[in-house]
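>>> I'd like to go over a predicted model; first the sequence, then the structure.
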Amino acid sequence: MHLAQAAERPTLRRTEGLDRRRFRRVTWQVPVRGLTSTGEEFACTTVDVCAGGLRINLARPLEKGENLVLYVEGVGRVEGVVARVLNEIGYAVEFKVPQRKREKIADALTWLINKEKLGLDDDRVAERRPSAGQVIAIHGQGVSIACAVADVSLFGVALKTAGPRPMIGDRVRIGERAGTCVRYIDGGFAVDFRTLHGTDI
């Protein structure tokens with residue numbers, strides 16, 4: 001999903017962006033409480049997640065096709081089904097939720113995964129909002145500018161600022177993450193994190 005396009009046309013790009021996020025898995029470990037179809041409770045930890053499901057490690061047997069109710073920290077209650085048995089303790093769980101709920105899960109995951117790395121305040125709800133907090137972006141020869149977050153995704157961030165914008169192609173650091181300025185938007189610019197690799201991402 002291209003950040004600048006998302007910021008400029010969020011409604012038109014909504015479905016396309018969700019589809020791309022659905023197939024992108026992100027390593028993310030959080031506690032999960034679960035309930036099997038027979039009413040047995042269990043606790044486990046996620047291995048990775050995406051908008052369509054998650055992978056868990058659980059030291060008890062589950063069967064493919066088994067229905068589960070999961071309470072995922074930061075996301076809430078979701079229903080799912082064991083889609084694949086990966087090994088003795090590994091299971092891929094597919095969410096069984098309506099499209100609207102899937103969108104909310106995608107937005108919640110996007111925010112939870114990025115907020116600490118970007119140093120954002122925890123003022124965002126599950127759905128997208130016009131602003132998600134203030135950040136300091138550093139570019140060029142250490143130029144620091146105050147920015148307001150216009151939109152954030154797993155791939156990058158769109159920022160509004162009254163300060164000097166970086167040049168297209170410039171490296172930009174925001175909190176613990178770094179990327180490249182890929183486009184100007186009205187009153188700001190978009191940074192794509194996929195353009196840089198290694199410890200900065």
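Cool, got the structure. This one's a predicted model, so the numbers in the text were calculated from it and none came from an experiment. Numbering: from 1, shown residues only.

>>> what's around the closest residue to Glu79 other than its chain neighbours, how many residues?
Using C-beta to C-beta, 6 or more residues apart in numbering and skipping residues adjacent in sequence, the residue nearest Glu79 is Lys96, 4.7 Å away. C-betas here are computed from N, CA, C, even on glycine. When neighbours are counted by other C-beta atoms under 10 Å, Lys96 registers 14.

>>> so who does Lys96 touch?
With contact taken as C-beta atoms under 8 Å, 6 or more residues apart in numbering, Lys96 is in contact with Asn67, Glu79, Gly80, Val81.

>>> which one among those gets closest to Pro31?
The closest of the contacts of Lys96 to Pro31 turns out to be Gly80 (C-beta to C-beta; 15.9 Å).

>>> Take the contacts of Lys96 and write them to JSON lines, including neighbour count and pLDDT.
Converted to JSON lines, the contacts of Lys96 look like this (neighbours: other C-beta atoms under 10 Å; pLDDT from 0 to 100):
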{"residue": "Asn67", "neighbour count": "13", "pLDDT": "94"}
{"residue": "Glu79", "neighbour count": "14", "pLDDT": "91"}
{"residue": "Gly80", "neighbour count": "23", "pLDDT": "93"}
{"residue": "Val81", "neighbour count": "16", "pLDDT": "94"}
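
>>> Output these in a markdown table; the columns should cover distance to Gly133.
Output for the contacts of Lys96, formatted as a markdown table (distance: C-beta to C-beta, whole Å):
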| residue | distance to Gly133 |
| --- | --- |
| Asn67 | 38 |
| Glu79 | 31 |
| Gly80 | 31 |
| Val81 | 36 |
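
>>> Filter the residues you listed down to the ones in strands?
Under the assignment DSSP state E, the contacts of Lys96 contribute Asn67, Glu79, Gly80, Val81 to strands.

>>> wait, doesn't Val97 sit right on Glu79?
Yes - with contacts counted by C-beta atoms under 8 Å, Val97 reaches Glu79, the gap being 6.5 Å.
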